[in-house]
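*Asks:* what shape does this take:
(one chain, ligands or ions: 1)
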Amino acid sequence: MRIIVCKNYEDMSRAAAKLVASQITLKPDCVLGFATGSTPIGLYKELCAMYGRGEIDFSAVTSFNLDEYYPIRKSNPESYDYFMKDNLFSKVNIPSENIHIPDGETEVPEIECLNYEKVIESCGGIDLQILGIGVNGHIGFNEPDINLSTKTHVTELSQSTIDANSRFFDSEDEVPRKAITMGVSTILKSKKIVLLASGKNKHAVIKELLDEKVNTNVPATLLNVHRDVTIICDEEAYYGDDI
Ligand code: GLP
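*Replies:* Below you'll find the model as predicted:
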């Protein structure tokens with residue numbers, strides 16, 4: 001596991017954008033895995049700016065998002081579908097038919113999960129997966145548990161995640177209680193993984209991740225078994241109060 005410690009959020013976002021841009025330069029028809037949450041917003045802003053300057057071309061890129069609330073309307077500004085259009089897809093030239101996000105509107109989520117997994121495989125797997133991390137160590141919506149599901153599945157959100165994500169909704173009651181998420185193997189099958197973390201509230205979990213142990217109660221620690229993970233974090237996430 002490599003770690004790049006950046007001065008602040010802006011530097012972290014620029015460093016991540018450079019890695020994504022390099023991936024697209026090396027393989028223009030690459031498959032990218034995207035994450036949501038507040039952390040990657042700066043990365044998407046940088047990618048849009050690079051695209052605007054003619055530095056990257058998304059015309060052959062395929063994307064898969066990690067997760068989506070369930071159930072949720074795509075028109076809900078808090079859906080990850082809306083988030084991705086707003087922050088990236090409406091601003092770059094990625095073809096809409098190449099974009100994949102779990103469908104929060106489906107009436108048959110189990111079928112959606114099976115298909116999602118199949119489509120990822122039929123595209124040759126993910127070349128570069130971007131991840132954020134929950135304060136409880138979740139990746140995607142793989143919440144702390146004794147057993148973790150390996151493939152794309154429907155999951156119940158933990159109370160800690162409902163609390164953390166309620167800041168985006170009008171009230172806690174409006175946070176959907178379930179989600180569709182890639183499973184831990186879906187994520188670990190990605191050829192490269194880049195995990196972003198910013199802010200003091202991520203310090204404890206980053207420390208645990210760097211402890212080189214695997215613990216399903218901190219799902220991100222499973223990344224320790226992967227051969228190509230880069231953590232890009234800011235000084236607050238890395239040093240916490242020792243800054
Ligand atoms: C959500 C997403 C995760 C994300 C996490 C952290 O729950 N499902 O993919 O990593 O939040 O969010 P933030 O970046 O806002 O701290």
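*Asks:* what's the closest non-adjacent residue to Asn87?
*Replies:* Distances taken as Cβ to Cβ, 6 or more residues apart in numbering put Tyr44 closest to Asn87, at 4.3 Å, once the chain neighbours are dropped. Bear in mind the C-beta positions are built from the backbone N, C-alpha and C, glycine included.
*Asks:* measure the one you found to Leu26 for me?
*Replies:* 20 Å (Cβ to Cβ, to the nearest Å).
*Asks:* and Ile187, by the same measure?
*Replies:* Ile187 is 21 Å from Leu26, by Cβ to Cβ.
*Asks:* quick one, what contacts the residue positioned nearest the centre of the chain?
*Replies:* In the chain, the centroid-proximal residue (Cα atoms, centre = their mean) is Ala35; its distance is 2.3 Å. Ala35 makes contacts with Asn65, Leu66, Ile130, Leu131, Gly132, Gly140, Leu196, as judged by Cβ atoms under 8 Å, 6 or more residues apart in numbering.
*Asks:* can you narrow the residues you listed down to the ones near the ligand?
*Replies:* Of the residues in those, proximity to the ligand by Cβ under 6 Å from any ligand atom holds for Leu66, Gly132, Gly140.
*Asks:* closest to the ligand among the residues you listed?
*Replies:* Among those, Gly132 lies closest to the ligand (Cβ to the nearest ligand atom), at 2.5 Å.
*Asks:* run through who's touching the helix or strand of the chain with the lowest mean pLDDT.
*Replies:* Ranked by mean pLDDT, DSSP states H and E, the weakest helix or strand in the chain is helix 159-165, scoring a mean of 92. Contact with helix 159-165 is made by Gly134, Val135, Asn136, His138, Phe141, Glu143, Leu157, Glu172, Val175, Arg177, as judged by Cβ under 8 Å, 6+ apart.
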